[in-house]
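Colleague: Show me how the following folds:
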Amino acid sequence: MIKNQNIICISSIDWDFVWQGHQEIMSTFAKNGNRVLFIENTGIRTPSFKDIPRLQKRLVNWIKSIRGFREEMENLYVYSPLILPFPYARLARFINRHILLPAIRRWMKTMKFYNPIVWTFLPSGIALDIINDIEKQLLIYYCIADFYELVDNSKKVSRTENELIEKSDLIFVQGEFLKKRCRRLNNNVHIFPFGVKMEVFENFNFNPAEIPNDIKGIKKPIIGYIGGIHRHMDFDLIRFMAETHPEWSLVLIGPVQTNISRVSGLPNVFFLGKKDFPDLPYYINEFDVGIIPYLNTGYTATVYPTKLNEYHALGKPVVSTDLPEIAEFNLKNENLILVGNTHKEFVDRILEALNNTNRLLFEKRFASARRNSWINRIEMMSELIQDAIQKKSEEPFDWKKVFVKIYTRTRIKLFSTVIISLSLYTLVFYTPLVWFMASPLKISQEPEKADCIAVFAGGVGESGRAGQGYEERVRYAVELYNKGYSSHIIFSSGYKYIFEEPFVMKALAVSLGVPENVIMLEDKATNTYENVRFSNEILRKNNWDSMLLISSPYHMRRTSLVFNKIAREIKVIYTPVKNSFFFSRPESGKRKIQKQINIEQIKAILHEYIGILYYLFKGYI
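Modeller: Numbering: from 1, shown residues only. Below you'll find the predicted structure:
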């Protein structure tokens, strides 16, 4: 078996998922002195609601780890990346590339993880991005399923898988169908169906006291299934078995990944959930028959059901639907698996298995499992890997090819950086994106009669410069006063720049014809929280319970949150300045292409969002 190698595994499942070949192969390599980086599933399809628990688990793993990286066992490290879950969206792939690749490069540099073997179970675009970014000594593709059947449009996968097949130094596949597909583009294809970890079953010693409690009380005979409970299972067949033979107990062990309503209410059908791999022998030993109740679809036509070896490892009879890989297995193993083409035939095969206790069959099943053990599989794979490494090392060094490759990669990175920068610049400054993101900050209501008009000035305000912004607020307050919406005005600001701001505002209002005796000043507030607090005190003192509030349009949300926290009893009509000079946007039609926003406006909007977060932290809202 290979030793002292660095191996990067791009997995199609997460490490904590049902124990399969992915974990078995990589943990075996790690135990044999190789270092392994196991990159958890980056996706082959757009996730749905049923994937939410898996995504939550990914988030938890990322938080518990160091930037997504954790040591699972000696020599084996797991990377749980947080990326955008849209594997076929170009923008998402572009962003994911710039999340994943720098993180992996930094980890490899830290760990001195040089010249690795890259082993991928995924034929996706993001897998190719990782592969193309890594200087490697060998590329292996283990094609374990027909991914064309897992996505809505097979073209999404075929393009990237074909590229991967052409690039690969070695290709391992589950069966004949996948071998034929891969050999169209690459001759280095070898069949390796998933095996069984025999030592777990060989070391199993039956002890009645160790029978798990959740299966101990289930009556015999038990017709059992282990594995993911997914959409490729024939639930009509399971229902038929349960209803035609109520004396049977149908026990299904594994994570539920699809709708099981067709069978979940039946009294003799039991879902026991996911079990740790070392515990499986205790459950399988209680089975009288192991079943593979798969639908015959395009996807299952390429599936080699690993569970058949796990059933055989304890000598259990197996009944399966008519799958191509089952037929291939039977050709090489004296028809050890009983096959039912219809629901009735399936039930008849179970009856046949229950009635046949031939000891010779038991021995044949066990021998079959030994031949299909993982240790044998991995040894054979290792021989091919060593031969491929040796062959590549004997190839003459082509410095021109290496130089062109490095130059091309550098040029691509530079081009990518320029494109990202230009795209972001255009998105921010030449589209309404920022205004759209700022819209939740705005609250604007039609004015109505109130006890007073309150103007929150704000010192340097949104512009960041003193003496700007208050004029238009004062003018709007005067306009509302003249229209009779209220007979009192409050100017609130504790800011001073040469002169105290509320006195300057009062002078401006008086010059515009507002009587001096209807104006009240609040000159202590140094922030929005104090604007609300001190203005509220004025209202209470005068027994007022309503106000028209004038401030910047994008300042209204933070103000309303403070009012809701400390002055909920006041009726506030939010009437921001209608046409704020600072927040003005370009008039349409002047030029076809023009900036939609400037940097000062972006800073002001960002300031409001930061202000809300700060107020939340301080308990002001």
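Colleague: what's the model's confidence in the helix or strand hosting residue 380, averaged?
Modeller: Element membership of residue 380, judged by DSSP states H and E, is helix 374-393. Mean pLDDT, helix 374-393: 92.
Colleague: which outside residues touch it?
Modeller: With contact meaning CB atoms under 8 Å, 6 or more residues apart in numbering, helix 374-393 is reached by 1-2, 21, 24-25, 28-29, 117, 137-138, 140, 169-170, 172, 188, 190, 192, 194-199. Any C-beta I mention is one placed from the backbone N, CA and C, and that applies to glycine too.
Colleague: For the following helix or strand past it, which helices and strands make contact with it?
Modeller: Downstream of helix 374-393, the first helix or strand assigned by DSSP H and E is helix 399-429. In terms of contacts (3 or more CB pairs under 8 Å, 6 or more residues apart in numbering; DSSP states H and E), helix 399-429 is packed against helix 90-111.
Colleague: and the angle for the helix it packs on with helix 399-429?
Modeller: 130 degrees (axes from the mean of the first three to the mean of the last three CA atoms, to 10 degrees).
Colleague: Who are the packing partners of helix 90-111?
Modeller: Against helix 90-111 (3+ CB pairs under 8 Å, 6+ apart) you get strand 35-39, strand 76-79, helix 125-133, helix 399-429.
Colleague: next structured bit after that helix?
Modeller: Heading C-terminal from helix 90-111 (DSSP H and E), you reach strand 117-120.
Colleague: For my notes, please list the helices and strands packed on helix 90-111 in JSON lines and give distance to residue 514 for each entry.
Modeller: Listed next are the helices and strands packed on helix 90-111 as JSON lines, based on distance: least, CB to CB, whole Å:
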{"stretch": "strand 35-39", "distance to residue 514": "69"}
{"stretch": "strand 76-79", "distance to residue 514": "66"}
{"stretch": "helix 125-133", "distance to residue 514": "64"}
{"stretch": "helix 399-429", "distance to residue 514": "40"}
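Colleague: Using a markdown table, lay out the ones you listed together with mean neighbour count, mean pLDDT and distance to residue 358.
Modeller: Shown next, in a markdown table, are those (neighbours: other CB atoms under 10 Å; pLDDT from 0 to 100; distance: least, CB to CB, whole Å):
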| stretch | mean neighbour count | mean pLDDT | distance to residue 358 |
| --- | --- | --- | --- |
| strand 35-39 | 23 | 96 | 42 |
| strand 76-79 | 23 | 95 | 42 |
| helix 125-133 | 21 | 92 | 47 |
| helix 399-429 | 11 | 82 | 61 |
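Colleague: So what angle separates the directions of the helix or strand harbouring residue 160 and helix 125-133?
Modeller: Using DSSP H and E, residue 160 sits within helix 155-167. Put simply, helix 155-167 runs at 20 degrees to helix 125-133, going by the same axes, to 10 degrees.
Colleague: export helix 155-167 as CSV, just CAs?
Modeller: C-alpha atoms of helix 155-167 as CSV (Å, rounded to 0.1, in the frame of the first residue of the first chain):
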residue,chain,number,x,y,z
LYS,A,155,-25.2,19.0,-19.7
LYS,A,156,-24.3,20.8,-16.5
VAL,A,157,-22.2,17.8,-15.4
SER,A,158,-21.1,16.3,-18.7
ARG,A,159,-18.9,19.2,-19.7
THR,A,160,-17.0,19.3,-16.4
GLU,A,161,-16.9,15.5,-16.1
ASN,A,162,-15.5,15.0,-19.6
GLU,A,163,-12.8,17.5,-18.8
LEU,A,164,-12.0,15.7,-15.6
ILE,A,165,-11.9,12.3,-17.3
GLU,A,166,-9.4,13.6,-19.9
LYS,A,167,-7.2,15.2,-17.3
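Colleague: Mind listing what's buried along it?
Modeller: 156, 157, 160, 161, 162, 163, 164, 165 (16 or more other CB atoms under 10 Å).
Colleague: and the gap between the second one and residue 168?
Modeller: Taken as CB to CB, to the nearest Å, the spacing of residue 157 relative to residue 168 amounts to 15 Å.
Colleague: I'd say residue 290 and residue 307 touch.
Modeller: Yes - here residue 290 reaches residue 307: they are 6.9 Å apart, a contact under CB atoms under 8 Å.
Colleague: what's the overlap in contacts for the two?
Modeller: 225, 226.
Colleague: Give me the more crowded residue out of those two.
Modeller: residue 290 (26 against 22; other CB atoms under 10 Å).
Colleague: you'd agree that one is in a helix?
Modeller: No - Residue 290 is assigned strand when assessed by DSSP: H, G, I helix; E, B strand; the rest coil, not a helix.
Colleague: ok, now which ones touch it?
Modeller: Contacts of residue 290 by CB under 8 Å, 6+ apart are 224, 225, 226, 284, 307, 308, 310, 311, 316, 317, 318, 319.
Colleague: Would you reformat the residues you listed as TSV and include distance to residue 382?
Modeller: Putting the contacts of residue 290 into TSV (distance: CB to CB, whole Å) gives the following:
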residue	distance to residue 382
224	33
225	32
226	28
284	28
307	25
308	24
310	23
311	27
316	30
317	33
318	29
319	34
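Colleague: taking those one by one, which sit in strands?
Modeller: 224, 225, 226, 318, 319 (DSSP state E).
Colleague: Quick check on the residues you listed: which are buried?
Modeller: The buried subset of the ones in strands among the contacts of residue 290 - by 16+ other CB under 10 Å - is 224, 225, 226, 318, 319.
Colleague: What is the end-to-end distance of stretch 537-547?
Modeller: End-to-end distance of stretch 537-547 (CA to CA, to the nearest Å): 13 Å.
Colleague: quick one: buried residues of it?
Modeller: 538, 539, 544, 547.
Colleague: does the first one really touch residue 522, like I thought?
Modeller: I take that to be residue 538. Yes - using CB under 8 Å, residue 538 is in contact with residue 522, at 6.2 Å.
Colleague: Overlap in contacts, those two.
Modeller: With CB under 8 Å, 6+ apart, residue 538 and residue 522 have common neighbours residue 490.
Colleague: how close does residue 180 sit to residue 302?
Modeller: For residue 180, the distance to residue 302 - CB to CB - is 10 Å.
Colleague: And residue 375, by the same measure?
Modeller: For residue 375 relative to residue 302 (CB to CB), the value is 25 Å.
Colleague: what about those two, which has more around it?
Modeller: Taking other CB under 10 Å, residue 375 and residue 302 do not tie; residue 302 has more neighbours (24 against 16).
Colleague: What helix or strand is the residue nearest to residue 210 when sequence neighbours are not counted located in?
Modeller: Distances taken as CB to CB, 6 or more residues apart in numbering put residue 282 closest to residue 210, at 6.2 Å, once the chain neighbours are dropped. Element membership for residue 282 (DSSP H and E) is helix 280-284.
Colleague: do the same with residue 219
Modeller: Judged by DSSP H and E, residue 219 forms part of no helix or strand.
Colleague: Would you confirm that it contacts residue 249?
Modeller: Yes - with contact defined as CB under 8 Å, residue 219 and residue 249 form a contacting pair (5.6 Å).
Colleague: between the two, who's got more neighbours?
Modeller: Neighbours were counted for residue 219 and for residue 249 using other CB under 10 Å; residue 249 has more, 22 against 9.
Colleague: Looks like that one contacts residue 217 (just checking).
Modeller: No - between residue 249 and residue 217 there is no contact under CB under 8 Å: 10.1 Å.
Colleague: was I right about residue 513 contacting residue 481?
Modeller: No - counting by CB under 8 Å, residue 513 does not reach residue 481; the two are 9.1 Å apart.
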